[in-house]
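[1] next come a sequence and a model predicted from it.
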Amino acid sequence: MKSKEKASYAPSTNTEKRTQEYAITTYELVVLFVGLASSASIALLAVERFAILLVLTFAALGTAVAAFYFGYSVRKNVLRTTPFMSVIVLAGLLLRLEHWPNLTGGQDQGLYVNMASALRRTGSLEFIDKFREELSTETQAIYDQAVLLSVSVVDSVRSAITIEFYPLHPIWMAINEYIFGPYGRHLSLIGFSLLGMAGAYHLALEIDSRKSVAKLFTALIAINPALVFFAKFPVGETVAMAFALNGFVFAIRSVRSENQGQRRLAYLLTGLCFAGLSFTRLQVLLYLPFLGVVAFLSTLPIATQQIRQRVFLVSALISGVFFISFLYYREYQTGMYLPLKETIEDALPSLPVLGIIAVVGLAISLTINYYLKTNHSKIIDLSKLLPTVIKIGPWTVLLALALSTKTLIDLYQTGVMYPWDYPVPDGPNALIFRFHILYRLLLFVSPIGFLLLLLGPWVRKKRSLIFSVLCIFFSLLWVVTLTRPYTPYLYYYGRYLAVDVLPISLFFVAATGTDLYNSSRRWIGAVAVAAVMAWSMLFSVLQLGNTEGESNKTLEAFAEEVTKEDVLVVSIVDQRFIVPMRVTFERSVFVLADVDSSPEVINELHGIAKERGGRLLLGVLQGLPQPELAPVSELPFDDCLMTNSDHFRGQIHMNTPALRQSLILPYTWHCHETTYTFYDLGSERS
């Protein structure tokens, strides 16, 4: 929304009558298409009929109907941009173009990619392990002993397997892979990165109304090193951030707009965005305390009844789509629902306590409203509450950040990072503050950016209700974030900040930097903003030219060596290798610790391979005992990672003193070079 379109909170009877006069924009049509496609995909997945062509057709028709209904005009929506914004978007794209395949299992990124392959192939949350079907009942029991993280047998009779994970991110990777081929998985992340940038721009205009702040905020989103990393590393945070930022945009518009047509569209887009967020990750759970407070305040006479009704409706809408998603997980992804339910129950009070809180809140609301309707309305004027909120809102950010002190002290006292119970790498020392989430946030926004974040309450002179509400939202969100206050290593564990805490922090940096630039200390603002941009660009550029995870085509080479007719035996549960070979490439991989002591199993596997016209192969990872057979082939299986010396993979962080390098963002690459050697076990039986 353009700044000149910013509407007043005062209702207008004239605009209320002009229901059909609102013309939908290209931006809204794009969000609508993504939202409709997402919702249709989830619905079809629930009935095991996910079909990409059907999803795209439904979304396209729904978008076309909306364009016609709301009078979309191509001429009025010609893309107009400034050179600055063109450069920023181009820079953001160039920094994200590298494709990191991450097919390897064992961590979230690989599970998402493999889940995308299974969804595209089967159209269902379940897929049949055809190799397991061929095994005898006794051998199936041995086969199932190889426990793979989040990959489980849901029906042993049918050999039905599922990957217990959030479905929407892999759905979009599957859709893009269907259209564009293997690189499409990465194009999905690039597309949602662009959608996130668009959401950032419009959100800044809704909150601040200054285009200078919107442009700077978009620039910080585009080149931020953490957000650049997660746009190439296929976890779900880039998708979740896009849904969250755009959801905030339309939530604000649904309250603010006096055009009934636009408001109805905003309600629809709010619901679609937060539904998308809930099926990407349960981030809305963190928003429930804020939504509860907002819903309670909307029952009090602190604004016009019309505004309070809209606020209550949008709060109920966001909460409602979250609970629908939770019911979906309970019905269709039970293996994922149960641990989520336990996590929520551990974090929240018991149901009776929640019920008491709800009853007390309702009683307080009814009492206050009854009291004010009598002759006491002049004694207590709750309308004065809003100016108070405007005044104290920015200061709540500092208060919330100060609450980090306790968990920081706990880290020094215990040397353990809960909830994972990881010990700090080299025991308690003066530098372990680097594992605290507050310090990781400082690194993500840059030291100068973090200083601007802290200076905000003093620098910002012009305050608004919506800005202060955002400050309070951030404060409550940070308090909830402190339930997981530690970040064992970057960037992987830093993803918990990427959806909302980091973007909102960058908005505060943009607003404060712009205020400084527009003040008498113009040069300080210019230098501060330039320093933040330079920091972000430096650590984003340092990511270029390398790959986090396995190299491109690594596992494709394994799939070429081990054909669908072959049966492969490995001695260890190598999650990185087994998950993609079984799920994406549908290869027959059997884990058997001791080949020599299991002749019956080997004979059965050899019989299956022979019947198919394939080979019985043994795959041995470098460093393990090799058999006295001539190798068939040897393939590299390198695993590279970006690190600031604290990375857990490969244990490179242990038994080494903390380096100054660990106090900044990752900028060096470390590769574990290893190989798999393959032997033909069937040759000795010929």
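    Alright, I've got the coordinates.

[2] how about the nearest residue to Cys640 once chain neighbours are set aside, phi and psi?
    The shortest distance from Cys640 to any non-neighbouring residue, by Cβ to Cβ, 6 or more residues apart in numbering, is to Cys671 (4.2 Å). To be clear about C-beta, it is placed using only N, CA and C from the backbone, and glycine gets the same treatment. Main-chain dihedrals, Cys671, degrees, to the nearest 10: phi -120, psi 130.

[3] so Cys671 makes contact with Asp638?
    Yes - the pair formed by Cys671 and Asp638 meets the contact definition of Cβ atoms under 8 Å, at 5.4 Å.

[4] hmm, back to that, tell me who's in contact with the residue nearest to Cys640.
    By Cβ atoms under 8 Å, 6 or more residues apart in numbering, the contact list for Cys671 reads 638-641.

[5] swap in 10 Å and give it another go.
    546-547, 551, 638-641, 650 (Cβ atoms under 10 Å, 6 or more residues apart in numbering).

[6] which among these count as buried?
    547, 551, 639-641 (16 or more other Cβ atoms under 10 Å).

[7] quick check: the farthest pair among those residues?
    Ser551 and Leu641 (12.3 Å; Cβ to Cβ).

[8] which stretches of the stretch 101-250 of the chain form helices?
    For the stretch 101-250 of the chain, the helices defined by DSSP state H, counting those that start in this stretch occupy 108-122, 130-134, 137-143, 168-180, 184-207, 211-223, 225-230, 237-256.

[9] residues in contact with the third one?
    Taking contacts as Cβ under 10 Å, 6+ apart, the residues outside helix 137-143 that touch it are 129, 131-136, 153, 156, 159, 589-593, 598, 600-601, 604-605, 608.

[10] so which bits of it are buried?
    139-140, 142-143.

[11] cool, and the fourth one?
    Taking 16+ other Cβ under 10 Å as the basis for neighbour counts, the residues of helix 168-180 that come out buried are 168-177.

[12] could you do the shortest one as well?
    Buried residues in helix 130-134, counting neighbours by 16+ other Cβ under 10 Å, are found at 131-132, 134.

[13] could you dump the buried residues of helix 137-143 to a markdown table with distance to Ala528 and pLDDT?
    Below are these laid out as a markdown table (distance: Cβ to Cβ, whole Å; pLDDT from 0 to 100):
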| residue | distance to Ala528 | pLDDT |
| --- | --- | --- |
| Thr139 | 65 | 94 |
| Gln140 | 63 | 94 |
| Ile142 | 62 | 93 |
| Tyr143 | 59 | 94 |
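
[14] mind picking the two most distant members of those residues?
    Gln140 and Ile142 (7.4 Å).

[15] need phi/psi at Arg587.
    The phi/psi pair for Arg587 (degrees, to the nearest 10) reads phi -90, psi 150.

[16] can you count the residues close to it?
    Arg587 has 22 neighbouring residues, counting by other Cβ atoms under 10 Å.

[17] then Arg330?
    Arg330, neighbours per other Cβ under 10 Å, totals 14.

[18] so who does it touch?
    So Arg330 contacts 336-338, 340-341 (Cβ under 10 Å, 6+ apart).

[19] how near is Pro339 to Asp155?
    20 Å (Cβ to Cβ, to the nearest Å).

[20] need the distance between the two termini of stretch 297-305.
    12 Å (Cα to Cα, to the nearest Å).

[21] average pLDDT for that stretch?
    Throughout stretch 297-305, pLDDT has a mean value of 81.

[22] residue ranges with poor pLDDT in the stretch 351-500 of the chain?
    Along the stretch 351-500 of the chain, the model assigns pLDDT under 70 to residues 351-362, 364-383, 426-428.

[23] still on that earlier bit, next, format the helices of the stretch 101-250 of the chain as TSV and append distance to Pro627.
    Converted to TSV, these look like this (distance: least, Cβ to Cβ, whole Å):
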stretch	distance to Pro627
helix 108-122	29
helix 130-134	23
helix 137-143	20
helix 168-180	38
helix 184-207	37
helix 211-223	51
helix 225-230	41
helix 237-256	43
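
[24] tell me where the stretch 501-650 of the chain has strands.
    For the stretch 501-650 of the chain, the strands defined by DSSP state E, counting those that start in this stretch occupy 567-570, 588-591, 616-621, 631-636, 639-643.

[25] apologies, that question was intended for the stretch 301-450 of the chain.
    Shown for the stretch 301-450 of the chain, the strands assigned by DSSP E, counting those that start in this stretch span residues 416-417, 422-423.

[26] just name the most buried of the ones you listed.
    Mean neighbour counts were compared across these using mean count of other Cβ atoms under 10 Å; the top stretch is strand 416-417, at a mean of 17.

[27] returning to that earlier point: quick one: common contacting residues for Cys671 and Asp638?
    Taking Cβ under 10 Å, 6+ apart as the contact rule, Cys671 and Asp638 both touch 547, 551.
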